[in-house]
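J.: Quick one: sequence plus predicted model below, questions after.
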Amino acid sequence: MIFCFSGTGNTRYVADKLHDELGDDVLRLPPGMMKRPELINVNVTDGRVIWAFPVHCWAPPHTVSKVMRRATITSDTPLTHHLVCTCGDDIGYADRVWLSIVKKRGWTAGHIASAQMPNTYTSLPGFDIDPKEVADAKIEAVGDRMKAIAADIESGMWGVDVVRGSYPWLKTRMLYPLFRAFLSSTGPFHTNDQCQGCGRCARNCPMTSIQIVNGKPVWAKDCNVCMRCYHCCPTRAVEYGPFTKGKGQFICPGFSIKQ
């Protein structure tokens, strides 16, 4: 079974490719499950769990970490937990954060891999979406990448196959805590004069953390800051502090957006 969380569709695209190769069912983590992870009780019948999620500031999304820590996952046979995470460029030590949770749960870890997909993080200076030709090339390459990862998982020849990038310790152990403390709140979210109150941001929030009040979106504190609201806004009205101004939008081709 593939446990999948996706903000702008990149990870869902990868999860679907894994499904095509392995046949594993894709469980798209819904808001109700992620907000109350202690209520999750899933029985896995095929002997493996594949965790698929985007890397957020060189670590797993905090809501996915909560699901891993609190969910009840059972099986009639021994279970192995694998990781396939998506990133724009590199993952730092995100896999080690995931692995530490797996070990604390007493689970058995299997193959660990990362896959590069188009950049979608726009909430810091210097970060923007990829040029179209770069994004297209990443999507084109990921099909073969998933075939290779699926073959490793299926064969049992597991290992760590990730792109760490430079200074992984600094990114995950130093920058990520700062990100969580100061740049993962909903306070900076706002709309500009282009907002038409259409509600698309609220309809597409994977955490159902947005409500339309007096014709404008209001973000709740349990937001995952995945930026789907920003990327799916038809008038580019959603902004995150001053950081997203003038930057691009990206939704993975084929990803379902509620109009």
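T.: Yep, it's here. Values in this document were obtained by computation on a predicted structure and should not be read as measured data. Numbers count the residues shown, from 1 in each chain.

J.: measure Phe250 to Gly156 for me?
T.: Distance, Phe250 to Gly156, by C-beta to C-beta, to the nearest Å: 36 Å. Where C-beta positions appear, they are placed from N, C-alpha and C, glycine not excepted.

J.: again with Gly241
T.: From Gly241 over to Gly156 (counting by C-beta to C-beta), the distance is 46 Å.

J.: Can you find the helix or strand in the chain with the smallest mean pLDDT?
T.: The weakest-scoring helix or strand in the chain, judged by mean pLDDT, DSSP states H and E, is helix 31-35 (a mean of 79).

J.: is it true that Asn10 touches Cys252?
T.: Yes. Using C-beta atoms under 8 Å, Asn10 is in contact with Cys252, at 5.0 Å.

J.: that older thread, which positions within the least confident helix or strand of the chain qualify as buried?
T.: For helix 31-35, the neighbour count (16 or more other C-beta atoms under 10 Å) marks Met33, Met34, Lys35 as buried.

J.: same deal with stretch 61-68?
T.: Those would be Pro61, Thr63, Val64, Ser65, Lys66, Val67, Met68, for stretch 61-68 by 16+ other C-beta under 10 Å.

J.: do the same with stretch 119-138
T.: Buried positions in stretch 119-138, judged by neighbour count with 16+ other C-beta under 10 Å: Asn119, Thr120, Tyr121, Thr122, Ser123, Asp128, Ile129, Asp130, Ala135, Lys138.

J.: Counting only helices, which of these make the cut?
T.: Judged by DSSP state H, the subset of the buried residues of stretch 119-138 located in helices is Ala135, Lys138.

J.: pLDDT-wise, what's the bottom of the buried residues of stretch 119-138?
T.: In terms of pLDDT, the lowest of those is Ser123, showing 89.

J.: Can you name the residues that contact it?
T.: Leu183, Pro188, Val225, Met227, Tyr240, Gly241, Phe243, Thr244 (C-beta atoms under 8 Å, 6 or more residues apart in numbering).

J.: can you rerun that using 6 Å?
T.: Tyr240, Phe243 (C-beta atoms under 6 Å, 6 or more residues apart in numbering).

J.: Please tell me how far it sits from Ser256.
T.: In terms of C-beta to C-beta, Ser123 sits 23 Å off from Ser256.

J.: Asn10 and Cys252: which has the busier surroundings?
T.: The residue with more neighbours, out of Asn10 and Cys252, is Asn10; 28 against 22, by other C-beta atoms under 10 Å.
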